[in-house]
Each structure stands twice: as structure tokens, then as C-alpha cells.
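Visitor: Could you look at this predicted model? Sequence included:
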Amino acid sequence: MTWPIGEIDDLRRLRVLAAAIPGAMYVETDLPARFDDVWQVLGDLERALPGLVPDVRSVRVTEQHGERFRAMIRGRSGLRAPFDGILRPGWCLMQSRFVSFGIAVAPDGDGTRLGYMSGFRFPGMRILGPLLVPANRLLGRVVVRRFITRFDRDGDSGGRPM
Amino acid sequence: MLDDQRAESATAGPVRVPDATIRSAQRGDLIALHDLLEAITPYVRRLCWPIALQDAPDATQETLIVVLRKLGTLREPAALFGWVRVIAVREAVRVARQSSRTAPAELIELPAPDDPALTADIRDVLNRLSPEHRAVLTLRDLEGLDERAAGEMLGVPAGTVRSRLFRARESFRRAWRTEGGDR
């Protein structure tokens, strides 16, 4: 006998991770570009993340083994930190000793649905998490605006019109 | 919805998750949480679909959230999949019951594991059962639990489950024989 099984997309997976990480910020938005075009940009972490992810000035991938990689990220404050990550089409997770973030994208009609998550890895986040809600809301709006602006600009420069 | 679903073997068992991965995930390591999700999601989907049907993606998501949030309470890594199974079945039943799209019918027919109707169209059979009875059927046929164990997992008295299943099975067989005789 065979039993049917439903799928669960990467946005749902990222929602799960965000819900499980105390104090994590999670936002979703629609991007006016096709999935392949979006991932062509986001999949190139060294070029894509600076300007999209808050406080990331540069990214240098130092090791890569299949979906796993290690990268050195330099922030606008000048601080550097090694990040471990997982990267595959539509899915990117990264974490350092103190910070973690994730990006998930999935096709949605002619556009793309984006999920973005970030959080701190400090002890006590379960208690501090609720205090971060207002800041997370603000940060979420900033991140959404950056992603939408990035793909609007790609459209203006010859990409698929909105 | 059904077009997005694929059939997989019911015999595909859960994969082994290294203890170190579970311990790291319990400490909030994002990469370990990812690895854990990769390992348990197929199993959770396999349990949630037959119970929650159209709401299976929501049930799967809710199950995984509960699993990760309560992961710190899992003391013995070897017990992972049994623990996940309890959560998955309960969440699937809860989500299916809450859904306005689900209209649980009184259980009047539940096929035996070797009944040809299950092979013919299991989705149709499942659609005609309440979430609780879909859960019993799933636990019995997919997980190999007897009705008593399935009833305990669902918080239903074993005797009640057994008698309902017995009556349901007889009812189903009569209906099946009648239909077969007409052909």
C-alpha cells in the first residue's frame, strides 16, 4: 500500500526555525522577480549579502563542501566573525558564535516569496526576547525594504518588468 | 493540493540522527536545528498527511515548531522519533479538528489493513473518516501500532477504540461485499 505525503516548502521550514529560536525576528514579503532571477542574485553570497543583511559590509567564503560552507563576515563596525552556513537553491542559513540568520525563497506565481530570519545567540534570550519585539519590527521593515529595493533595481536595469 | 503530493512507501522508516546533532540542536545551534529538521520532516509529513489531509502542511509546520520548542525536554536522543510521533499525531488531529474545511463524519467504515479498498483509493477512504480515526488508522497501518497503543497515544480508552474499530471494520466489509456483489 502507498500513502500520499504532502510537501512543506522552505518558507515554512524557516518559520519553524524562527519560531523555535527565542527572540528571533522573522519577516516575509513578495519580491517582484522570478525565483530563478532572485536566487541568481541571493545565491552569490559575497555579492548579495552586503547591503541586504544589516551590518554586513563584506563576505568572503573561505571553505565550501557541498551545501556546507564557512565564511568570514566583516561588519560595518569593523568587527569580523567566522560564520558556518548551509546554502542550496532557495535556502541559506548562517550562524556565528553570537548571531544567526536565514533566508528562504520560494516561487509564488510570477514572483517570489521571501522569508528572512535573524536572531542573537546569547544566553537569556528566552527572557530578553519579548523586549526585542519593537526593535525586531523596525528591523524587519528595514530588511523588507532592502530586498524589495534590490529587486526593483534589477528590474529597472533590464530585468523582468514588474 | 493533491497534485502537489506524492506517494511514498509506507515502509520508509526514520533515519538515524546522531546524538551530537540532537545535543547541539538543544543548545540552539542553527545548523544542528537544520540537520534535525532535515531528518524528521519526512517522518512528520508522512504521519500528518493521512490525518490532516488538506491541512497537512499546517499540521507539519505546527508539529515541527512544537518539536523544536520542546526539544530541551527530550532527555534520551534514542527516543527522538517516538517522541516526535506523539507530537505529530496530536498536532495533526488538533489542526484537522480546528479546520473549517474538515467536516468529520461519524465513523461508519474503517478498512482492515489488507482490505483491497485501501489499495484502490486510500484518499477517498481517509476523507470519509474523522481526524481521530484517521490517526488510529495511520498509527496502526503506517506505524504498526495496535489499537491499544494507538488509543493510548490519542488519549482514547483502548476498549472504546477496539470496539469502534471492530464495528467499523465489519461495517466496511459488509459494504465492500455488497458493492462487489453488484459488479
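Guide: Arrived safely.
Visitor: For chain A, give me its nearest residue in chain B.
Guide: Residue of chain B nearest chain A, by C-beta to the nearest C-beta: residue B:68 (3.4 Å). From N, CA and C alone the C-beta is placed, and that goes for glycine too.
Visitor: Please list all residues in contact with that residue.
Guide: Going by C-beta atoms under 8 Å, 6 or more residues apart in numbering or on different chains, residue B:68 touches A:16-17, A:19-20, B:25, B:33, B:36-37.
Visitor: name the element residue A:114 belongs to?
Guide: Residue A:114 belongs to strand A:111-120 when elements are defined using DSSP states H and E.
Visitor: neighbours of residue B:99, just the number please.
Guide: By other C-beta atoms under 10 Å in any protein chain shown, 17 other residues sit near residue B:99.
Visitor: is it true that it touches residue B:55?
Guide: Yes - with contacts counted by C-beta atoms under 8 Å, residue B:99 reaches residue B:55, the gap being 4.7 Å.
Visitor: From residue B:71, how far out is residue A:44?
Guide: 33 Å (C-beta to C-beta, to the nearest Å).
Visitor: sorry, back to before: now flag whichever of the contacts of residue B:68 is closest to residue B:81.
Guide: When the contacts of residue B:68 are compared for distance to residue B:81 (C-beta to C-beta), residue B:36 wins out at 11.4 Å.
Visitor: Give the burial count for that closest one, as a bare number.
Guide: Using other C-beta under 10 Å, residue B:36 has 24 neighbouring residues.
Visitor: Settle it for me: which of residue A:44 and residue B:71 has more neighbours?
Guide: A direct count of neighbours by other C-beta under 10 Å for residue A:44 and residue B:71 places residue B:71 higher, at 20 against 12.
Visitor: which stretches of chain B form helices?
Guide: B:19-26, B:30-52, B:56-69, B:80-98, B:116-120, B:122-127, B:131-141, B:147-154, B:158-182 (DSSP state H).
Visitor: Let me have the ones you listed in TSV, extended by mean pLDDT.
Guide: Shown next, in TSV, are these (pLDDT from 0 to 100):
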stretch	mean pLDDT
helix B:19-26	94
helix B:30-52	93
helix B:56-69	95
helix B:80-98	93
helix B:116-120	55
helix B:122-127	66
helix B:131-141	78
helix B:147-154	78
helix B:158-182	57
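Visitor: out of those helices, which comes closest to residue A:59?
Guide: Residue A:59 lies closest, by C-beta to C-beta, to one member of the helices of chain B: helix B:30-52, at 17.0 Å.
Visitor: helices or strands up against that closest one?
Guide: The helices and strands touching helix B:30-52, judged by 3 or more C-beta pairs under 8 Å, 6 or more residues apart in numbering or on different chains; DSSP states H and E, are strand A:2-5, helix A:10-20, strand A:80-88, strand A:91-95, helix B:19-26, helix B:56-69, helix B:80-98, helix B:131-141.
Visitor: Which parts of chain B belong to which domain?
Guide: Here the domain assignment for chain B is B:10-102, B:104-183, based on automatic domain parsing.
Visitor: related to what we said a few turns ago, neighbouring contacts of the strand holding residue A:114?
Guide: With contacts defined as C-beta under 8 Å, 6+ apart, strand A:111-120 is touched by A:10-11, A:14-15, A:17-18, A:21-35, A:38, A:53-54, A:98-107, A:125, A:139-140, A:143-144, A:147.
Visitor: How about stretch A:36-55?
Guide: Contacts for stretch A:36-55 (C-beta under 8 Å, 6+ apart): A:31, A:56-61, A:71, A:73, A:75-77, A:85, A:87, A:89-90, A:92, A:101, A:103, A:105, A:112, A:114, A:118, A:139, A:142-143, A:146-147, A:150-151, A:154, A:159-160.
Visitor: show me the contacts for residue B:39.
Guide: B:14-15, B:17, B:21.
Visitor: cool, and residue A:19?
Guide: Counting by C-beta under 8 Å, 6+ apart, residue A:19 touches A:26, B:65, B:68-69.
Visitor: thinking again about what came up before, for residue A:140, see how far away the residue of chain B closest to chain A is.
Guide: Using C-beta to C-beta, residue B:68 is found at 21 Å from residue A:140.
Visitor: Right, I'll leave it there.
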